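Engineer: Here's my sequence, what's the structure:
(one chain, ligands or ions: 1)
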Amino acid sequence: MALFRVGILGSGKGSNMVAIAEACAAGRIPAQVVLVLSDVPDAGILQQARARGIPAEYLPPGPFRTKLDPNAEAAYVARLQAAQVDLVVLAGFMRVLKEQFLRAYPERIINIHPSLLPAFPGLEAWKQALDYGVKVTGCTVHFVDAGIDSGPIIAQETVPVLPDDTPESLHARIQAVEHKLYPRVVGALAEGRISVKGRLVIWK
Ligand code: GAR
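Structural biologist: Residues are numbered from 1 along each chain as shown. Next up is the predicted model:
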C-alpha cells in the first residue's frame with residue numbers, strides 16, 4: 001500500500017520536521033515526508049530537509065506579516081496538491097492559514113503549539129506560561145481551523161515549569177516532548193486511527 005504522504009510547512013529551525021522525518025525513515029510510522037515548504041528563504045527547516053533528500057522550497061509569502069496573501073496561499077496549495085499530500089503539517093509555521101487553504105484540506109491540516117491550549121495561544125507561548133507563573137505547561141497538537149490555535153485538540157503532553165527556568169530552558173523542555181508527540185499523531189492519522197466529531201477528537 002502506498003505510504004501516507006505528508007507535506008510540512010515551517011518558518012524556523014525545523015526540529016519537529018526532523019523528528020517526523022526520522023520516524024518515517026526508521027519505519028516507526030507508515031508515512032513519508034514528500035515536501036517541505038517555508039516562507040523564510042534561509043530557514044533551517046529547508047536545510048534540514050535537503051540534508052535528508054526531501055524536496056524543500058521557499059515560497060514567497062507576499063507583503064503581510066502574519067498571513068499569506070491570497071496569491072501566495074494559492075501557490076502553497078497548488079504545490080502541496082501537485083505533491084499529492086494527504087496531510088499538511090505545520091511545524092513552526094508562523095502565519096495563519098485562511099479559508100482557501102482550509103477548504104483545500106478539510107480536517108487535513110494539523111499544528112503543534114508550545115502550550116496546553118486553550119492557555120497561551122499566540123506567540124512565544126512558553127514565555128507567556130513563565131510570565132503567568134503556571135507550574136505545568138506542555139504542548140498541544142490540534143486540527144487547524146479559521147481561528148488562532150483554536151481547532152479541535154488531538155493530543156497534549158505536559159512538562160513541569162521549574163523555579164529556575166528561563167524562556168530558553170522551558171522551551172527546550174517543551175520541544176523534547178513535541179518531538180515525541182508530533183510523530184505519534186502523524187502516525188495515528190496515517191493509520192486512520194483518529195476521527196473528529198465537532199470539537200471532539202476520537203482515537204481508535
Ligand atoms: C515549536 O516549538 C512549535 O511548537 C512552535 O514553534 C517551534 C518550532 O520549532 N510553534 C508555534 O509557536 C506556533 N504558534 P522547530 O522549527 O524546531 O520545529
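Engineer: quick one: low-confidence parts of the chain?
Structural biologist: For the chain, residues meeting the criterion pLDDT under 70 lie at 1.
Engineer: That one against the ligand: which residues are in contact?
Structural biologist: For the chain, the residues in contact with the ligand (CB under 6 Å from any ligand atom) are 10, 12-16, 45, 91-92, 112-114, 125, 175, 178. Placement of C-beta: from N, CA and C, glycine included.
Engineer: redo that, cut-off 8 Å
Structural biologist: Counting by CB under 8 Å from any ligand atom, the chain comes close to the ligand at 10-19, 44-45, 90-94, 111-114, 121-126, 139, 149, 171, 174-175, 178.
Engineer: what ranges do the strands span in the protein?
Structural biologist: Secondary structure of the chain (DSSP state E): strands at 4-9, 31-38, 56-58, 87-90, 109-113, 136-143, 153-160, 194-197, 200-203.
Engineer: Any buried residues in the helix ranked longest in the chain, and which?
Structural biologist: Longest helix in the chain, counting residues (DSSP state H): helix 167-190. Neighbour-count burial for helix 167-190 flags 170-171, 173-175, 177-179, 181-190 (criterion: 16 or more other CB atoms under 10 Å).
Engineer: The residue of the chain found nearest the ligand: what's it in contact with?
Structural biologist: Proximity of the chain to the ligand (CB to the nearest ligand atom) peaks at Gly92, 2.6 Å away. Gly92 makes contacts with Gly10, Ser11, Gly12, Lys13, Gly14, Asn16, Ile45, Ile112, as judged by CB atoms under 8 Å, 6 or more residues apart in numbering.
Engineer: Can you verify my assumption that the fourth one contacts Gly44?
Structural biologist: Put plainly, it is Lys13. Yes. Here Lys13 reaches Gly44: they are 3.8 Å apart, a contact under CB atoms under 8 Å.
Engineer: Leaving out the residues flanking it, which one is nearest to Leu102?
Structural biologist: Using CB to CB, 6 or more residues apart in numbering and skipping residues adjacent in sequence, the residue nearest Leu102 is Ala146, 6.4 Å away.
Engineer: any idea how far that neighbour is from Ala91?
Structural biologist: Using CB to CB, to the nearest Å, one gets 20 Å for the distance from Ala146 to Ala91.
Engineer: Only the buried residues of stretch 89-98, if you could.
Structural biologist: Val89, Leu90, Ala91, Gly92, Phe93, Arg95, Leu97.
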